[in-house]
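Colleague: Would you be able to build a 3D model of this:
(one chain, ligands or ions: 1)
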Amino acid sequence: MQFTDLGLAEPILKALAAKKYGSPTPIQSQAIPVLLKGKDLCGIAQTGTGKTAAFALPSLDHFARNPKPTPLQGCRMLVLSPTRELAAQIAQSFRDYGRFLKFSVEVVFGGVPINKQIRALGRGADIVVATPGRLLDLIDQRAFTIKDTEIFVLDEADQMMDMGFIHPLKRIAKLLPKERQNLFFSATMPGEIEALAAQFLNDPVKVSVAPQSTTAERVRQQATFVNQMEKQALLNLTIRNEDIDRALIFTRTKHGADRVVRFLEGAGIQAVAIHGNKSQAQRTTALQAFRHGHVKLLVATDIAARGIDVSGVSHVINFELPNVPEQYVHRIGRTARAGAEGIAISFVADDERPYLKAIERTTKVKLDIVPLPENFVEAVRNLPKAAPQRKGQQREQTPEQKAKRAEGQRRYQDQQKQQRGNAERAHRPDGDAKPAKKNFRRRRGGGGVGAHKGAVQKTGGR
Ligand code: AMP
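Modeller: Model (predicted):
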């Protein structure tokens, strides 16, 4: 099938040709005909499958064939995205695909001043791409209404749920007009997501592409068992030993991501972090630097990285394994894009072994177990200190974030002391190292998975 077979308006075909798209991806060839007929759609597809064009192209076609003035302080199409980065990316896709059409697109998300967005939305826009929290802020301030929405898209529904957006979504559902076309996309469709979909969709056509494990099949997947306290040394060695074009390094917590960056910088390796505690400006700068290849290493938490489309990621490094197997699939899906091969390397501490088992069960792929490198003991002994925190980073923090960070630093220094002690003891011939498991547990008690979750909800987690 070719794009020309789909019956899309000429200016859209011209834009696709300019982007050098050959033929539609499976989600596009299944979804576009359905959407052009004005039907509702429920799509099981993850980022990387071409789903943005699947919903953007027929919508642009609708606007090209049905021109109308934009509703004041309103929109004709509303796209909800869980993260700011994905929202900006979607808006950019609309601009690209609609470059030969006349229409307006605005993107609104939190973390930046609201007044500029209020001004921009005053005139209304054909398409608004928004994160749920900021959208409701704008509605509550009576600066925006969604009552004129003709097409509604909920993207990455499962991530929306993970991020605790269920109540905002229910509120938004009530504010939408009855007559509208609905599109609902999710990478997975467990019962709770299906229930959410039912609130938005009206007799939808269901399409499903690329079961999650197919992404995993193109990725060479390895794991190395390593003491949690010694992961930084292993990371430094991995980065030096591997032929990396671009690597995404995943940590479970925001503080963990910052710590990894400071340690890499301490070792003279440039890296940037992206997570929910960073200001929007910092996130944009980090992502741009990574996208344009100025920085080869991006350290990220799951929520910040999901949905980001950066080509040329040769390696995904799981500094910490996710406790949800599907998250592992999302992570490694960042590499091996557009048919390329990718490498996923996981560092597995003792208490992460059950996560590894769950991942292998879900993906039906046995990870290659790679031993620690030969010069590992030496690397642990000579692990350079973490670089000090940069002033600019501290200035942008709220008092709450500062207090949290100070607590994290204190814990971190304690760990470092312990780590040095443990490393020395472990590598002495008569080593009497304490089990790493115990140390790791203690650390997580204060700043681990639970703390991360809490922080995500408090800050909106975007
Ligand atoms: P998405 O899943 O929407 O994030 O798209 C993933 C990537 O695939 C983006 O970089 C798109 O530009 C690209 N893409 C989408 N559709 C096509 C197509 N039909 N042919 C080639 N590339 C595409």
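
Colleague: ok, residue 161 - how many residues close by?
Modeller: 18 (other Cβ atoms under 10 Å). Glycine gets a C-beta too; all of them are placed from N, C-alpha and C.

Colleague: Just the strands from the chain, written as ranges.
Modeller: Per DSSP state E, the chain carries strands over the ranges 41-44, 75-80, 105-108, 125-130, 151-154, 181-186, 205-208, 219-225, 247-250, 272-274, 297-300, 315-318, 342-348, 368-369.

Colleague: Mean pLDDT, mean neighbour count and distance to residue 258 for the ones you listed - can I get that in TSV?
Modeller: As requested, the strands of the chain are exported to TSV (pLDDT from 0 to 100; neighbours: other Cβ atoms under 10 Å; distance: least, Cβ to Cβ, whole Å):
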stretch	mean pLDDT	mean neighbour count	distance to residue 258
strand 41-44	94	24	34
strand 75-80	98	26	29
strand 105-108	97	22	27
strand 125-130	98	27	28
strand 151-154	98	24	32
strand 181-186	95	24	30
strand 205-208	93	16	38
strand 219-225	93	19	23
strand 247-250	95	26	12
strand 272-274	91	25	6
strand 297-300	94	26	8
strand 315-318	96	25	16
strand 342-348	94	23	18
strand 368-369	94	11	29
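
Colleague: what does the chain have sitting close to the ligand?
Modeller: Within the chain, the positions near the ligand by Cβ under 6 Å from any ligand atom are 21-22, 24-25, 28, 47-53, 309.

Colleague: Just those: which are in helices?
Modeller: Taking DSSP state H as the definition of helices, those contribute 28, 51, 52, 53.

Colleague: With respect to the ligand, which of those is nearest?
Modeller: residue 52 (3.1 Å; Cβ to the nearest ligand atom).

Colleague: Roughly how far does the closest one sit from residue 58?
Modeller: Separation of residue 52 from residue 58 (Cβ to Cβ, to the nearest Å): 12 Å.

Colleague: do residue 40 as well
Modeller: 12 Å.

Colleague: Comparing these two, which shows the higher neighbour count?
Modeller: residue 58 (26 against 20).

Colleague: For the more buried one, which residues are in contact?
Modeller: 8, 31, 32, 35, 36 (Cβ atoms under 8 Å, 6 or more residues apart in numbering).

Colleague: Now the two most distant members of these.
Modeller: Pairwise distances across these peak at 12.5 Å for 8 and 31 (criterion: Cβ to Cβ).

Colleague: Which residue of the two possesses the greater neighbour count?
Modeller: Legend: neighbour count by other Cβ under 10 Å for residue 8 and residue 31, higher for residue 31 (28 against 21).

Colleague: residue contacts, the closest residue in space to that one that isn't next to it in sequence?
Modeller: Nearest residue to residue 31 in three dimensions, chain neighbours excluded: residue 54, at 4.2 Å (Cβ to Cβ, 6 or more residues apart in numbering). Neighbouring residues of residue 54 by Cβ under 8 Å, 6+ apart: 25, 27, 28, 31, 32, 35, 43, 45.

Colleague: just for the stretch 101-250 of the chain, where's the confidence low?
Modeller: Scanning the stretch 101-250 of the chain for pLDDT under 70 picks out the ranges 210-217.

Colleague: repeat that with 80
Modeller: 162, 190, 210-218 (pLDDT under 80).

Colleague: As a markdown table, the residues of the chain next to the ligand with pLDDT, neighbour count and distance to residue 349 would be great.
Modeller: Compiled in a markdown table, the residues of the chain next to the ligand are given as follows (pLDDT from 0 to 100; neighbours: other Cβ atoms under 10 Å; distance: Cβ to Cβ, whole Å):
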| residue | pLDDT | neighbour count | distance to residue 349 |
| --- | --- | --- | --- |
| 21 | 91 | 17 | 43 |
| 22 | 83 | 9 | 44 |
| 24 | 94 | 23 | 43 |
| 25 | 91 | 19 | 38 |
| 28 | 95 | 25 | 41 |
| 47 | 75 | 22 | 28 |
| 48 | 76 | 19 | 29 |
| 49 | 83 | 21 | 33 |
| 50 | 89 | 18 | 37 |
| 51 | 92 | 25 | 35 |
| 52 | 94 | 25 | 36 |
| 53 | 96 | 25 | 40 |
| 309 | 73 | 17 | 30 |
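
Colleague: How many neighbouring residues does the closest residue to residue 114 other than its chain neighbours have?
Modeller: Nearest non-adjacent residue to residue 114, counting by Cβ to Cβ, 6+ apart: residue 137, 6.4 Å away. Under the neighbour criterion other Cβ under 10 Å, residue 137 is assigned a count of 18.

Colleague: Let the chain start at 868 from now.
Modeller: All set: I'll call the first residue 868, so the last point we hit is now residue 1004.

Colleague: How much space separates the closest residue to residue 1169 other than its chain neighbours from residue 1114?
Modeller: Nearest residue to residue 1169, sequence neighbours excluded (Cβ to Cβ, 6+ apart): residue 1194, at 5.4 Å. Distance of residue 1194 to residue 1114, given as Cβ to Cβ: 18 Å.

Colleague: cool, residue 922 as well?
Modeller: Distance from residue 922 to residue 1114, by Cβ to Cβ: 30 Å.
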